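Visitor: structure for this input, please:
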Amino acid sequence: MGTCENNCFEVVTGSPVETIALGVKIGGNLVGGEVIGLVGNLGSGKTHLIKGIAEGLGVDRGGEVNSPTFVLVNEYTGPEVRLDIYHIDAYRLDSVAEFEMLGFDDLCYDRSVVLIEWADKIESALESIDPIRIELSHISENQRKIRLKNITSQLLSALKSQ
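Guide: You can find the predicted model right below:
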């Protein structure tokens, strides 16, 4: 566990369970209105982290949180969910225009959290909103380096206290 410069936090997780636990901590400290872009190679832990974030926001652990590869957007809501969660998979998108046609702007509001896997494919569409960026990379078969950039001071404090 460590920190990096200016509203940045870096940690190494040793298993999918630890990656999910980090996500729970992140989700538990989101307030709404956040757009989070996740970047990393296939198998780097993006979906595990999103499962944890959703759990931290109140999605039932047994609920189906998975990558929306074929539908492009999954929505997680319910009586126990603190904020509306939109999970976008940009992997199969061919252009920024296709991303914008998903109605991205309509998903961004004060009581929502938008999670975008493969955000690097549509980065130019996100520049004006300055999202939280989470970079995941392989260290070994089970270890992942996870770097969060552009996070709030509240989230940074919460992550440092883990």
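
Visitor: when you work out contacts or count neighbours from here on, use the C-alpha atoms and nothing else.
Guide: OK.

Visitor: residue boundaries of the helices in this structure?
Guide: Assigned by DSSP state H, the helices in the chain fall at 16-28, 46-56, 96-101, 104-107, 123-126, 153-160.

Visitor: and those helices as CSV, adding distance to residue 36 and mean neighbour count?
Guide: Below are these laid out as CSV (distance: least, CA to CA, whole Å; neighbours: other CA atoms under 10 Å):
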stretch, distance to residue 36, mean neighbour count
helix 16-28, 11, 21
helix 46-56, 10, 26
helix 96-101, 15, 13
helix 104-107, 12, 12
helix 123-126, 10, 14
helix 153-160, 13, 15
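
Visitor: least confident of those helices, on average?
Guide: Considering these one by one, the lowest average pLDDT is found for helix 96-101, at a mean of 84.

Visitor: follow-up on the earlier one: of the helices of the chain, which approaches residue 38 most closely?
Guide: helix 46-56 (6.5 Å; CA to CA).

Visitor: run a quick neighbour tally on residue 147.
Guide: Applying other CA atoms under 10 Å, we find 20 residues neighbouring residue 147.

Visitor: er, residue 132 actually
Guide: Neighbour tally, residue 132, other CA under 10 Å: 18.

Visitor: quick revisit: figure out which of the helices of the chain is closest to residue 37.
Guide: helix 123-126 (8.6 Å).

Visitor: show me the strands in this structure, by range?
Guide: 2-4, 8-13, 34-39, 73-76, 84-89, 112-117, 132-138, 144-149 (DSSP state E).

Visitor: make a markdown table out of those and add distance to residue 25 and mean pLDDT.
Guide: Converted to a markdown table, the strands of the chain look like this (distance: least, CA to CA, whole Å; pLDDT from 0 to 100):
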| stretch | distance to residue 25 | mean pLDDT |
| --- | --- | --- |
| strand 2-4 | 16 | 57 |
| strand 8-13 | 13 | 93 |
| strand 34-39 | 15 | 95 |
| strand 73-76 | 18 | 84 |
| strand 84-89 | 16 | 91 |
| strand 112-117 | 15 | 94 |
| strand 132-138 | 14 | 95 |
| strand 144-149 | 13 | 95 |
